[in-house]
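1. Turn this into a model:
(one chain, ligands or ions: 1)
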Amino acid sequence: MNASLKPVETSAEAERSARVDLAACYRLADRFGLNEGIDNHLTLLVPGFADRFLLAPFGMHWSEVKASDFLVVDFSGRVVSGQGLVEDTALYIHQPVHRLSPQGRCVLHTHMPYATALCMLENPRLEMAVQTALGFYNDVAYDPAYNGLAFDESEGERLAGALGQKSVLMMGNHGVLVVGKTIPQAFERLYFLERAAQAQVLALSTGRPLRLIPEAIINKTLAQFLAGRAVGGRDRTELHFEALKRVLDRANSDYAS
Ligand SMILES: [Zn+2]
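-> So this is what the prediction gives:
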């Protein structure tokens with residue numbers, strides 16, 4: 001169907017499909033081992049709003065989050081709708097990033113193992129030594145200043161400042177923050193960041209030096225990525241996210257309920 005002929009979604013429909021996608025995001029992060037216990041948080045600005053976001057109640061395992069479970073939380077920390085607990089660091093990391101980073105309608109914070117392993121190193125840089133990493137060229141910020149838990153919004157503001165205009169923040173001695181304009185875009189970044197970090201950690205574990213990709217080849221490949229961003233008129237990130245949701249659907253997952 002021609003995209004311009006798509007019926008316009010009402011705000012209720014837009015929020016409903018955002019909830020389904022965010023619930024899928026929690027389930028998929030669990031499926032790929034990107035979560036840590038019941039900690040970490042994935043949030044999305046409510047469609048049509050710039051000052052309130054969807055958050056899973058604290059205490060739920062990511063494997064059980066459903067579209068109907070989300071709290072709507074405003075920037076003062078007030079629960080506008082839904083039932084459950086708002087954990088302090090969820091509010092104090094995500095609220096400032098949503099408020100200060102226009103590229104961050106979707107904000108994902110995880111302690112996913114391989115990217116976090118890089119964040120523990122004196123030099124945490126994601127090296128341009130594998131094709132997957134090239135997608136992050138010039139798009140990763142590094143915050144070396146681990147500051148304890150985020151128990152007030154100044155820490156989230158500091159993190160948003162360190163992120164700047166980029167989509168990835170490697171948080172020293174802690175984990176990662178990944179943002180995107182949409183859930184499929186943000187999840188794609190999260191997933192491939194972990195894959196690139198995994199490849200780097202495995203390569204370094206051999207004890208042999210990395211072979212870095214020359215700048216000219218990086219630039220050529222980035223132009224190719226750009227040219228191939230849509231396939232048959234469909235955005236690659238959306239095709240990936242739809243495929244991943246079908247994996248959940250085949251497992252009879254109840255994430256959409
Ligand atoms: Zn954390």
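2. Now do the same contact list for K245.
-> D21, A24 (C-beta atoms under 8 Å, 6 or more residues apart in numbering). C-beta here means a position set from N, CA and C on the backbone, and glycine is covered the same way.
3. Please enumerate the helices of the stretch 1-150 of the chain.
-> Along the stretch 1-150 of the chain, the stretches classed as helices by DSSP state H, counting those that start in this stretch are 11-31, 88-100, 113-119, 131-134.
4. Let's see the helix or strand containing L159 as CSV, backbone CA atoms only.
-> Using DSSP states H and E, L159 sits within helix 153-163. Taking Å, rounded to 0.1, in the frame of the first residue of the first chain, the C-alpha atoms of helix 153-163 are listed here in CSV:
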residue,chain,number,x,y,z
GLU,A,153,17.9,14.4,38.0
SER,A,154,21.3,16.1,37.9
GLU,A,155,22.9,12.8,37.1
GLY,A,156,20.5,12.2,34.2
GLU,A,157,21.2,15.7,33.0
ARG,A,158,24.9,15.0,33.1
LEU,A,159,24.4,11.8,31.1
ALA,A,160,22.2,13.6,28.5
GLY,A,161,25.0,16.2,28.1
ALA,A,162,27.5,13.5,27.6
LEU,A,163,25.3,11.8,25.0
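5. Pairing partners for the helix or strand following that helix, with directions?
-> Next helix or strand after helix 153-163 toward the C-terminus (DSSP H and E): strand 168-171. Paired neighbours of strand 168-171 in the sheet (DSSP bridges): strand 140-143 (parallel), strand 175-180 (antiparallel).
6. ranking these by burial, who's on top?
-> Of those, the one with the most neighbours on average (mean count of other C-beta atoms under 10 Å) is strand 175-180, at a mean of 25.
7. So for the chain, which residue is the most central one in space?
-> Geometric centre of the chain, nearest residue: L108, 3.5 Å, by C-alpha atoms, centre = their mean.
8. So which bits of the helix holding L159 are buried?
-> E153, E155, G156, E157, L159, A160, A162, L163 (16 or more other C-beta atoms under 10 Å).
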